[in-house]
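**Student:** Output the structure for:
(chains A, B and C)
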Amino acid sequence: MAEKETLYFTKEHEWIEIVNEDYVRIGISDYAVEQLGDVVFVDLPALNDEMEKEDEFATVESVKSSSEIYGPVTGKIAKVNDALEDEPEKLNESPFGEGWIVEVQTTEALDTSEWMDADAYDTYVSGL
Amino acid sequence: MMKETKLIFEQSKTGRQAYSLPENDVEMYDLSAELPEHLSRKAAAELPEVSELQLMRHYTALANNNFGIETGFYPLGSCTMKYNPKVNEDIARLDGFANIHPLQNPETTQGALQLMYGLQEDLKQVTGMDEISLQPAAGAQGEWAGLLVFKAYHEQNGDGQTRKTILVPDSAHGTNPASAAVAGYDVVEIKSNENGTVGVEALKAALGPDTAGLMLTNPNTLGLFEVDIVEIAEIVHEAGGLLYYDGANANAILGKSTPGEMGFDVVHLNLHKSFSTPHGGGGPGSGPIGVKSFLSPFLPVPRIEKDGDHYLLNSDYPLSIGRVKGYFGNFGVNVRAYAYIRSMGAEGLQQVSEDAVLHANYLKARLTDYYDTPYKQHCKHEFVLSGLRQKKQGVRTLDIAKRLLDYGFYAPTVYFPLIVEECLMIEPTETESKEMLDEFADAMITIAKEVEEQPEVLHEAPISKAVRRLDEVTAARKPKVIYQR
Amino acid sequence: MTHQHQNLPTTEQDRKEMLAEIGVDSVAALFSDIPVSTRATDQKAIELPDSLSELELVKHMKKLADQNKTATDYPFFLGAGTYDHFIPSVVNHVTLKSEFMTAYTPYQPEASQGELQALFEFQTMICELTGMDVSNSSLYDGFTSLGEACNLAAAVTKKNRILMSAALHPQAKEVVGTYAYGMEYSVTPIGLDTEVTDLKQLENELNDETAAVVIQYPNFFGSIEDLKAIKERMKETKALLIVVANPLALAKLEAPGNLGADIVVGDMQPLGLSMSYGGPHCGYFTVKSKYMRKVPSRIVGETVDIEGKRGFVMTLQTREQHIRREKATSNMSSNQALNALASSVFMSALGKVGVQEMAQQNINKAHYLAKQLQEKGFEVLNQSAYFNEFILKLSLPIEEVNQALLEKGFIGGYDVSELVGVDHAVLLCATEKRTKKEIDQFVEALAEVAKR
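**Tutor:** Below you'll find the predicted structure:
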C-alpha cells in the first residue's frame, strides 16, 4: 500500500503513484470514495487500451450514482486491478492500497506540477 | 416479523396444475421428427406447478405486500397518482376492444378506429396541437419519437448535420437527456435560476447554430410554471430551434392553457398520469405525441384518419420518421383515457386542474412552517420541500420517506429534482379529499416533531411493512436476478 | 360544473377552507402566473363533447366496441405476431387487484414487495424459457425490445452494422429502422431461402463491422430457423446473435440460450395477454450475464433486509436514465409491469406441463389445418418445419379471399405475397383455440372461395 504522502492528486480526485519515470499506478482518493459511498461496481478498461489524458477511462458506481474516472496521464494500460470486478468494496476499504485501479505505461513525459501533493490536496478538499 | 412469502417456485410440486385445456381433437403431430435434433427442446422450462387456489393465494399474498392508490394516499411527485376509475377497466375488457387483432382488415375494426380518431381530436384540444400520433407506448418513447421529428425536420431543412444539440434544464426528468441521446443528439444542460425556472439569459447563452431544440416540462418538476415561456419560445425559434413539451405535468394546466398556445412545437402526454389510466406497477402507459402542422409530415405511421364516416389507416407519408412501436400504440390504455375524457368533459378537466393545483398549494401551506420550502411562489399541481433542516438533526429525507410508510402513506418522490438538496416532491392530485390531505399533513408534522424528539424512530423506519430496510449495496455488488434451485 | 363529479371530492366548502389556509381569495389567483396571452378564455376554450354519466359512458363505449368483429364471434386464422390464445380466468382476477394495478414503479421497496417479487419471478420464468442468464422486468413490446437489443449490440461491439433476417415481422423491421435512424447505425437485410433466412447470403454479408445478426424463432412465416447453424457462421466475428422468440414455441423448441444466442427478446402476448388491437402487450429482454450491466430498464434483484429476511429491490440502477441521464443504457423509464404480471400468472397457471401441452396443441392444429388444405389441393410453401403458422399459396388476391371468408364468418390470414415474393400467398395460423370443427369448416369455406 502506498503512503498517501507519496502520492500526487488531481482536482478530479484521482491519485497518481509514480512507480518510475514512465510508469504510474492510478486510483481514486479517500475523499472521492467517501463521497461515493459503498462502491458496488467498477467498470474497468481493458489491458492495452490507450489512456488519453483528461479522457474518461473507468466508471465507479455506487447504488444510486455513477462517476467517471479521468486519465491523469497519457499512455497504455499496463495492468488492471481485476480483483475489483468481484470485490469493488476494496475501493472503500483501501483506496490507496488494494483499491488501486490501473497501472499505466506512459507515453508522454509526466508533469507533476499540474498535480497536488497530499497536503495541498487535503487543503483543496476541505474547501469543497 | 411478518412471514416471508415463498417464491412460487418454492411452492411447486410435480403433477399439479391450475389450468384445463380441451382434449386434443386432431392428430398428434411430432414436430421433432422434422427438426434437426438440436432444435428440439431437451429439458423442459422449470415453470411452477401449483393448483388454482395455491396460485390465487400466492398472488393475493403478494398483493397484500404492495401499496396501490386504493391502499392509501400516493403523493409521488411528477407521477400524478390519481384514482383510476373502475368502469374504465370494465370498458377496456369489452369483447370488442380486448379481442380484436391489429392486422384485421380495418373494415372490421371501425369502432376501434373511431375511438382512436376521437381520442386524437380530444388530445388536439387539450394540447393545442394540430396533429396527434397515439403510437408511443409511454412518455419516454414519446420524447424519443418527438425528437426524431425534430431531427427529420432539421434534415429536411438541410441543417441536420449542424443542429446536433438539445438543451435541457437541470431540473428535467432523466428521460429527457436520455431520449435526446438515443435520438442521436448531444445534450447541454441549462442551469435553473434562483426562482427555479429557466433563466432567459442562460438560455440565450446556450443557443446557437448547433441548437436543434429545447425540452421543457411546464410546470416544471419543481411544480413551478415557467413564467417566461413566451419569451423562451421566441428566442428558441429565432435561433432556429424547436420546442418540446414534456407533458408529465400536464395535470396542472388542463383547460387553463395549452402547450400550443405557449409556443411548443411538439408535445407528449402521459395518459397514465393526467388521464387516469392505471400505472400498473410501472406500466403499461401511453405517451401520444402532438405536433404543429408544419411537423405533421414527420409523425410516425400509420396515421389514423377519417374519410366521410369512414376511418382508415394511412402510411403514405414519405417523410415520416417511421414506426416507433408495434401496431397503433397501447390501444387498451388509450381506450381508458378516451373513456376518462368522455366522463369529464371540458369543464370537468378544467376542474381537475383547479383542484389539483389547489390541493398542492394547500398542502404546501400546511407544511411550510415545518420543512424548508426552497421556492416561495405559488406552485402548480406539485411542490418541493427540502429536508435540509432535518438533515442538520441527523435525519435524512430517505428516513422521512420510510417513516411515511409506517404512517400508512406511500412516500413522495425523493432526491429529485437533483437541484434541491434532500428533496421531497409532493403531488397530491385532485382525487384526494381534504380530509386525506389533512391526515397526510398531520403525519408530516408529527414526523418533523419526531426528528427533534426521537430521531432514532426515523432511522429504524419502516417497521410495519413486509420487510425492513433492504440491503441495496449487496444487491448491486452481487446481483441475484433469477431464482436458482 | 353543475354537480359534483364522482372522482372530484373537493366541495365548495373545502375550497373556501383551503384558499383561506393558502391566503388567497380565489383559485384563479393560483393560475395568475400563466402568461395572459397563453391563457384559455371563453373565446379560446378547449372544446370537448359533454361529460357522460357512467351509464351513458358504458352505452357509448359498448356501441363503439360492438362495431368491431372479435375473436369471440369469428374463428380467427390470423396470427402473424399476435395470437388468439386461451387465457385462464385467474389472469384477469390477479391483474385487477388494485394493489398491483394502481401502484407505480416500486421506488419504495418496503411498500412494494409484492410487485418486486412478482417481477423477480417473471424474470426467472423468462430465463427458464429462453435459457438465458438475466432478464429485465419487461419493456413496451417485442418490437421495441428488439430495437433496444440492436442498440445494446451496437454499443458493446462499437460497430454500426446490423444484419437482419428478412423473415422477421415486417413491423419489427420498421421499428428497428427507426432505432437505427436515432442511433445512426445501418441495417442490412438478409434475404430468404424460400421462407427461411438465406445462410449463404448471411455468410457473405458478415464482416468485422457487424454488430449483430437478428433472427426470428420461429420466424415470421412460422418456420423454425436453425440457430446453431447461424451461430456457427458467426464465429469468426464479434457480432452478437439476437434472437426474437415466441415464448410459447420455446416450450417445444430448444432454448436459444443453448444455441448460442447472446440476446433473446420477444413479446409475451401469446402467454396470457389479450390481443387488444395490438397493445398493450409486453416485451421481454434477456441476455447472457456478460451483458447484464448493459440491459435497458428495470431489473429486480434479491437481497435481505436489516433483519436478514429475504426481500427484493430494483437493482443495477446506475444503468438507468434517472441516474445516468444522457449516458443511460436506454431512455426507457416505465416498463409493462402489469402485463409482465399477467404473463407470470399465466405461466404459473399452465406451469411446466401446461405450456408444453398448449404448444403441442398449436403444432397439432396448424399441421392438421395444413394437411386438410393440402388434401384439397392447396400448396403449403414452407420448406422447413413450422410451429403454428405456415404460408399457403392461393390463386386469387388475398384481400378478395379474406373478404369472402369474412362473409362466411371467418377471419382469414395475413397477406405475405410481397414479403415472400409469391403472388397470392397467405400466412395462416391455428392456435389451440381452433376446434377440429372450425378448421374443417374453414377448409371447406376456403376451398369454395378460392375456386371462384
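**Student:** What sits closest to the spatially most central residue of chain A if chain neighbours are left out?
**Tutor:** In chain A, the C-alpha nearest the mean C-alpha coordinate belongs to A:Gly27, at 2.1 Å (CA atoms, centre = their mean). Spatially, and ignoring its direct neighbours in sequence, A:Gly27 is nearest to A:Trp100 (4.4 Å; CB to CB, 6 or more residues apart in numbering or on different chains). In this view, the C-beta of every residue, glycine as well, is placed from N, C-alpha and C.
**Student:** Isn't that neighbour up against A:Ile26?
**Tutor:** Yes: under the criterion of CB atoms under 8 Å, A:Trp100 makes contact with A:Ile26 at 7.1 Å.
**Student:** what touches both of these two?
**Tutor:** Listed as contacting both A:Trp100 and A:Ile26 by CB atoms under 8 Å, 6 or more residues apart in numbering or on different chains are A:Glu17.
**Student:** tell me the SS of the residue nearest to B:Asp399 when sequence neighbours are not counted?
**Tutor:** Leaving aside its sequence neighbours, B:Asp399 sits nearest to B:Leu458 (CB to CB, 6+ apart; 4.0 Å). What DSSP: H, G, I helix; E, B strand; the rest coil gives for B:Leu458 is helix.
**Student:** So the residue nearest to A:Gly27: helix, strand or coil?
**Tutor:** Going by three-state DSSP: A:Trp100 is coil.
**Student:** per-residue pLDDT, it?
**Tutor:** If you check A:Trp100, the pLDDT there is 97.
**Student:** ok, now C:Phe346?
**Tutor:** For C:Phe346, pLDDT reads 98.
**Student:** how many other residues sit next to it?
**Tutor:** By other CB atoms under 10 Å in any protein chain shown, 30 other residues sit near C:Phe346.
**Student:** Tell me how far it lies from C:Ser89.
**Tutor:** 11 Å (CB to CB, to the nearest Å).
**Student:** again with A:Val42
**Tutor:** 49 Å.
**Student:** Neighbour count for those two, which is higher?
**Tutor:** Comparing A:Val42 with C:Ser89 by other CB under 10 Å, the one with more neighbours is A:Val42, at 22 against 10.
**Student:** returning to what we had before: in a strand, the residue nearest to the centre of chain A, correct?
**Tutor:** Yes: remark: A:Gly27 belongs to a strand, assigned using three-state DSSP.
**Student:** Can you give me every residue that contacts it?
**Tutor:** A:Glu14, A:Trp15, A:Glu17, A:Leu91, A:Pro95, A:Phe96, A:Gly99, A:Trp100, A:Ile101.
**Student:** can you pull the contacts of the closest residue to the first one other than its chain neighbours?
**Tutor:** Closest residue in space to A:Glu14, ignoring its immediate chain neighbours: A:Pro72 at 5.0 Å, by CB to CB, 6+ apart. For A:Pro72, the contacting residues are A:Thr10, A:Glu12, A:Glu14, A:Ile16, A:Val24, A:Ile26, A:Lys53, A:Trp115, taking CB under 8 Å, 6+ apart as the criterion.
**Student:** Which one (most neighbours) among the residues you listed?
**Tutor:** A:Ile26 (25 neighbours).
**Student:** What is the burial count for A:Asp55?
**Tutor:** Count around A:Asp55 with other CB under 10 Å applied: 11.
**Student:** of all the residues in chain A, which ones are close to chain B?
**Tutor:** A:Asp38, A:Val40, A:Phe41, A:Glu61, A:Val63, A:Lys64, A:Pro88, A:Glu89 (CB under 8 Å from any CB of the partner chain).
**Student:** Who wins on neighbours among those?
**Tutor:** A:Val40 (27 neighbours).
**Student:** report the longest strand in chain C, please.
**Tutor:** strand C:210-217 (DSSP state E).
**Student:** does any bit of the helix or strand just after that one sit next to chain B?
**Tutor:** Using DSSP states H and E, the helix or strand that follows strand C:210-217 in sequence is helix C:227-234. Yes: under the criterion of CB under 8 Å from any CB, chain B is reached by helix C:227-234 at C:Leu227, C:Lys228.
**Student:** Helix C:227-234 to strand C:210-217, inter-axis angle?
**Tutor:** 170 degrees (axes from the mean of the first three to the mean of the last three CA atoms, to 10 degrees).
**Student:** The helix or strand harbouring B:Leu53 and chain C in contact?
**Tutor:** In the assignment (DSSP H and E), B:Leu53 maps to helix B:52-64. Yes: using CB under 8 Å from any CB, helix B:52-64 reaches chain C at B:Glu52, B:Leu55, B:Met56, B:His58, B:Tyr59, B:Thr60, B:Ala61, B:Leu62, B:Ala63, B:Asn64.
**Student:** so what's the fourth one closest to, chain neighbours aside?
**Tutor:** Excluding its sequence neighbours, the residue lying closest to B:His58 (CB to CB, 6+ apart) is B:Ile8, at 5.4 Å.
**Student:** Next: the first one.
**Tutor:** Ranked by CB to CB, 6+ apart and with sequence neighbours excluded, the top spatial neighbour of B:Glu52 is B:Ala18, at 4.1 Å.
**Student:** my read is that neighbour is in a strand, agree?
**Tutor:** No: under three-state DSSP, B:Ala18 sits outside any strand and is assigned coil.
**Student:** need the contact list for it.
**Tutor:** With CB under 8 Å, 6+ apart, B:Ala18 has these contacts: B:Val50, B:Ser51, B:Glu52, B:Gln54, B:Leu55, C:Pro88, C:Val90, C:Ser348, C:Ala349, C:Leu350, C:Gly351.
**Student:** Would you mind checking which of these is nearest to B:Phe97?
**Tutor:** C:Pro88 (19.9 Å; CB to CB).
**Student:** what's the closest residue in space to that closest one that isn't next to it in sequence sitting at in phi/psi?
**Tutor:** Nearest residue to C:Pro88 in three dimensions, chain neighbours excluded: C:Ala349, at 4.7 Å (CB to CB, 6+ apart). Phi and psi for C:Ala349, reported as degrees, to the nearest 10, are phi -70, psi -50.
**Student:** Make sure C:Ala349 is actually in contact with B:Met56.
**Tutor:** No: counting by CB under 8 Å, C:Ala349 sits too far from B:Met56 to count as a contact (9.8 Å).
**Student:** shared neighbours of those two, which are they?
**Tutor:** Common neighbours of C:Ala349 and B:Met56 (CB under 8 Å, 6+ apart) are C:Val90.
**Student:** the more surrounded of those two?
**Tutor:** C:Ala349 (27 against 17).
**Student:** ok so, going back, need the residues of chain A next to chain B in JSON lines with distance to chain C and pLDDT, can you?
**Tutor:** Shown next, in JSON lines, are the residues of chain A next to chain B (distance: CB to the nearest CB, whole Å; pLDDT from 0 to 100):
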{"residue": "A:Asp38", "distance to chain C": "12", "pLDDT": "95"}
{"residue": "A:Val40", "distance to chain C": "8", "pLDDT": "95"}
{"residue": "A:Phe41", "distance to chain C": "7", "pLDDT": "95"}
{"residue": "A:Glu61", "distance to chain C": "4", "pLDDT": "93"}
{"residue": "A:Val63", "distance to chain C": "7", "pLDDT": "90"}
{"residue": "A:Lys64", "distance to chain C": "6", "pLDDT": "87"}
{"residue": "A:Pro88", "distance to chain C": "12", "pLDDT": "95"}
{"residue": "A:Glu89", "distance to chain C": "15", "pLDDT": "95"}
